[in-house]
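S.K.: okay, here's the prediction I keep looking at, along with the sequence it came from:
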Amino acid sequence: NFSWRKMLLITGIILNLLDATLALCTTYDVVRNQYFYLGETILDEIPAAANFVVGTFIIVEMADQGNEGLTYGLFTTVSNLGTPFSRAIGNQIFG
């Protein structure tokens, strides 16, 4: 057993460190390669996925008896709809 608080903290720190390191290397012209910058999203998804799974399990544990599956499905759906809706709204506003 591992503490969910420690897991959220560790994955959050790793996510921020990876993102900051790769973004700063690209911004300050240490590495100017489009594939280096695009590969950042692949590396960021690993700790982000672990963070999402742990956070989701916490919410499912707090759900009422018999509603765990519904809670997990609703939470996952709402979380996954954020990116497509934000892109669609951004395309409508900014062309």
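M.R.: Ah, there it is.
S.K.: what are the ranges of the helices in this structure?
M.R.: 4-27, 34-62, 68-94 (DSSP state H).
S.K.: least trustworthy helix or strand in this structure by mean pLDDT?
M.R.: helix 34-62 (a mean of 85; mean pLDDT, DSSP states H and E).
S.K.: check which helices and strands that helix sits against.
M.R.: Applying 3 or more CB pairs under 8 Å, 6 or more residues apart in numbering; DSSP states H and E, we find helix 34-62 packed against helix 4-27, helix 68-94. Backbone N, C-alpha and C define where each C-beta goes, glycine included.
S.K.: tabulate those (JSON lines), appending mean pLDDT and mean neighbour count.
M.R.: Listed next are those as JSON lines, based on pLDDT from 0 to 100; neighbours: other CB atoms under 10 Å:
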{"stretch": "helix 4-27", "mean pLDDT": "89", "mean neighbour count": "14"}
{"stretch": "helix 68-94", "mean pLDDT": "91", "mean neighbour count": "11"}
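S.K.: adding distance to residue 56, write those out as TSV.
M.R.: Converted to TSV, the helices and strands packed on helix 34-62 look like this (distance: least, CB to CB, whole Å):
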stretch	distance to residue 56
helix 4-27	11
helix 68-94	6
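S.K.: of all those helices, which one comes closest to residue 51?
M.R.: helix 4-27 (4.1 Å; CB to CB).
S.K.: could you say what helices and strands the closest one packs with?
M.R.: helix 34-62.
S.K.: buried sites along the helix it packs on?
M.R.: 40, 44, 47, 48, 50, 51, 52, 54, 55, 60 (16 or more other CB atoms under 10 Å).
S.K.: pick out the residue closest to the middle of this structure.
M.R.: Centroid-nearest residue in the chain, with CA atoms, centre = their mean: residue 48, separated by 3.6 Å.
S.K.: distance check, that one against residue 87.
M.R.: Counting by CB to CB, to the nearest Å, the separation of residue 48 from residue 87 is 17 Å.
S.K.: hmm, back to that, in TSV, list the buried residues of helix 34-62 along with distance to residue 9.
M.R.: Formatted as TSV, the buried residues of helix 34-62 follow (distance: CB to CB, whole Å):
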residue	distance to residue 9
40	22
44	17
47	11
48	14
50	12
51	10
52	15
54	10
55	12
60	20
